[in-house]
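In: Model the structure of this input:
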Amino acid sequence: MNENNKKPFVLAVVGPTASGKTWLGVELAKIYGGEVISADSMQIYKGMDIASAKPSEAEKQGIPHHLMDFLDRDVSFSAADYVSLANEKIQEILSRGKLPIIVGGTGLYIDSLLENVKFSEGGSDEAYRGELYAFAGENGNEALHARLAELDPEAAEGIHPNNLVRVVRALEVCHVTGRKFSDLKRESRMVESPYDSLIIGLNFEDRQKLYDRIDLRVDEMVKAGLVEEARQLWLESGMKTAANAIGYKELIPYFTGDAELEDCIAVIKQETRRYAKRQLTWFRRNGRIEWIMVDRFNKKNEILEKCKKTIAKHFKM
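Out: Modelled structure (predicted):
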């Protein structure tokens, strides 16, 4: 606990995919006596291991990891669900005298948790919601997103067009309440967070170095059995949840005989690079993040020392 603050201390490690978050989270947990809480919207699902880059037992190095690999693939899961469960895990970890360390790249989860967002966003209108989904089905996600951009440009900017659930919810709230979704979200942040948090972000000065790491990771995933895992998901469920996960849906043309495997893998790399760019766009809006440029350092240990100095400025152990 920070000597100047009675709130419990929570550490977070954020950044784009393939930036080294998993490794750093484990190393910091070893140093400070912590446990990791995942903040990844795909690692929560069972059976979706390779494409979501779930850490192996060897990578975890004996550090407990929470909110990972616990949900069936056909179960929906919202940011509100995440905040509720993450708060429970934080309290459990604190009760053991350990440091909660949030690790992940799903910015909505992390911001909602650490900014204490309250999800009383308004009522519901199932009929209207059905109309929105039907509209998206006929005209495409981009067309529905354009409707949100017209009603609430700020909300539209923070929600990707392909995140259909969030786009629909934002439009539904505007419809039910007669107010902008972004205004309600802003008001929901007026309740002070119960945590004293420090967010460490990993990034690269040379974006190509991050992209090279992404390409290498995809190649490693393929070697580890990504194609076989995706095929199994496709055969079992038609990829209802996995359709949202990069690394699975891009392989469907290969399974149906409409594309070569090499071409599908190239698309996975391209889509993952685009995803990393979107992650960075999201995180850069958060002025509280203490950024560490990974490619400024020659050794991992140097990155770790930089983190330790950053933590020491904020938090007295």
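In: Around the closest residue to residue 32 other than its chain neighbours, count how many other residues there are.
Out: Leaving aside its chain neighbours, residue 32 sits nearest to residue 99 (4.9 Å; criterion: Cβ to Cβ, 6 or more residues apart in numbering). No exception for glycine: its C-beta is placed from N, CA and C like everyone else's. Around residue 99 there are 22 other residues, counting by other Cβ atoms under 10 Å.
In: ditto for the one 3 residues further on
Out: Here the neighbour count serves as a burial measure; for residue 102 (other Cβ under 10 Å) it reads 26.
In: which residues does it bridge with?
Out: With DSSP bridges as the criterion, residue 102 is bridged to residue 12, residue 37.
In: Would you confirm that the residue nearest to residue 32 contacts residue 35?
Out: Yes: taking Cβ atoms under 8 Å as the definition, residue 99 is a contact partner of residue 35 at 7.4 Å.
In: Spit out the residues that contact the two alike.
Out: Listed as contacting both residue 99 and residue 35 by Cβ atoms under 8 Å, 6 or more residues apart in numbering are 29, 93.
In: what separates residue 65 from residue 304, distance-wise?
Out: Computed as Cβ to Cβ, to the nearest Å, the residue 65 to residue 304 distance reads 19 Å.
In: How about residue 53?
Out: 20 Å.
In: tell me the domain boundaries of the chain?
Out: Following automatic domain parsing, one finds the domains of the chain at 9-117+190-314, 126-188.
In: burial of the residue lying closest to residue 136 once chain neighbours are set aside, as a residue count?
Out: Nearest non-adjacent residue to residue 136, counting by Cβ to Cβ, 6+ apart: residue 144, 4.3 Å away. Using other Cβ under 10 Å, residue 144 has 21 other residues around it.
In: likewise residue 310?
Out: Around residue 310 sit 15 other residues, with neighbours defined as other Cβ under 10 Å.
In: contacting residues around it?
Out: Residue 310 makes contact with 198, 200, 290, 292 under the criterion Cβ under 8 Å, 6+ apart.
In: what's the answer for residue 237, then?
Out: By Cβ under 8 Å, 6+ apart, the contact set of residue 237 is 73, 74.
In: and it, how far is that from residue 256?
Out: 16 Å.
In: Now do the helices in this protein.
Out: Under the criterion DSSP state H, the chain contains helices at 21-32, 57-60, 79-95, 107-114, 126-139, 141-151, 153-158, 164-177, 181-188, 207-224, 226-237, 252-255, 261-284, 300-314.
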